[in-house]
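*Asks:* Quick one: sequence plus predicted model below, questions after.
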Amino acid sequence: MKWTDVLNFTEKGNPAPDRRIEKSDDEWLKQLTPDEFRITRKKGTERPFTGEYCEAHEPGLYACRCCDTPLFDSRQKFESGTGWPSFTEPVQENVIKYEGDNSFGMKRVEVMCNVCDAHLGHVFPDGPPPSGLRFCINSAAIKLSAVSKVE
């Protein structure tokens, strides 16, 4: 996956997810902490360098905090120096949803869980090879499972 692929998804539509999960705000509030709800359901952002996974290096899969969909493999995680966990690519093309985000006077691409629409963070074209992408993700939007996808 390259930056041109990300831009194509924002302009022409995202790949279909394997499944969909939809819940009301009340249902999400029963499942999530107030901070997790603010970030994942109301498009919030945690302060840099404060998230649980900012400095994490344990092997495993990072899944959506809301619906448990595997999103990122720890082997694709890198130190970006930005204060948020950063990954070079998702585990599958269709687990991430991409939308243009022009908030706060910036042009960015928001990334969400393609299964439940949870706000995860943003993707930028300044990551390391081979993808050149930096998926900048809120720790409150993901959770680490101990088993890696590929042994």
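*Replies:* Received the coordinates, thanks. Treat the numbers as computed from the prediction; the structure is a model and nothing was measured.

*Asks:* Nearest residue to Ser139 in space, please, no chain neighbours.
*Replies:* Nearest in space to Ser139, with sequence neighbours left out and distances taken as C-beta to C-beta, 6 or more residues apart in numbering, is Gly51 at 2.8 Å. C-beta coordinates here come from the backbone N, C-alpha and C atoms, glycine included.

*Asks:* What number of residues are in the vicinity of the one you found?
*Replies:* Applying other C-beta atoms under 10 Å, we find 20 other residues in the vicinity of Gly51.

*Asks:* For it, which residues are in contact?
*Replies:* When contacts are counted by C-beta atoms under 8 Å, 6 or more residues apart in numbering, Gly51 touches 83-85, 138-140.

*Asks:* just Thr45 next, same as before
*Replies:* For Thr45, the contacting residues are 39, 121, 138, by C-beta under 8 Å, 6+ apart.

*Asks:* Determine how far the last residue of stretch 120-139 lies from the first.
*Replies:* 8 Å (C-alpha to C-alpha, to the nearest Å).

*Asks:* Quick check: mean pLDDT of that stretch?
*Replies:* For stretch 120-139, mean pLDDT is 95.

*Asks:* Name the residues of stretch 60-76 that are buried.
*Replies:* Of the residues in stretch 60-76, those buried by neighbour count under the rule 16 or more other C-beta atoms under 10 Å are 60-67, 69-74, 76.

*Asks:* Please state the offset of it from the chain centre?
*Replies:* Stretch 60-76 has its average C-alpha position 9 Å from the chain's average C-alpha position, going by C-alpha atoms, centre = their mean, to the nearest Å.

*Asks:* Many thanks, have a good one.
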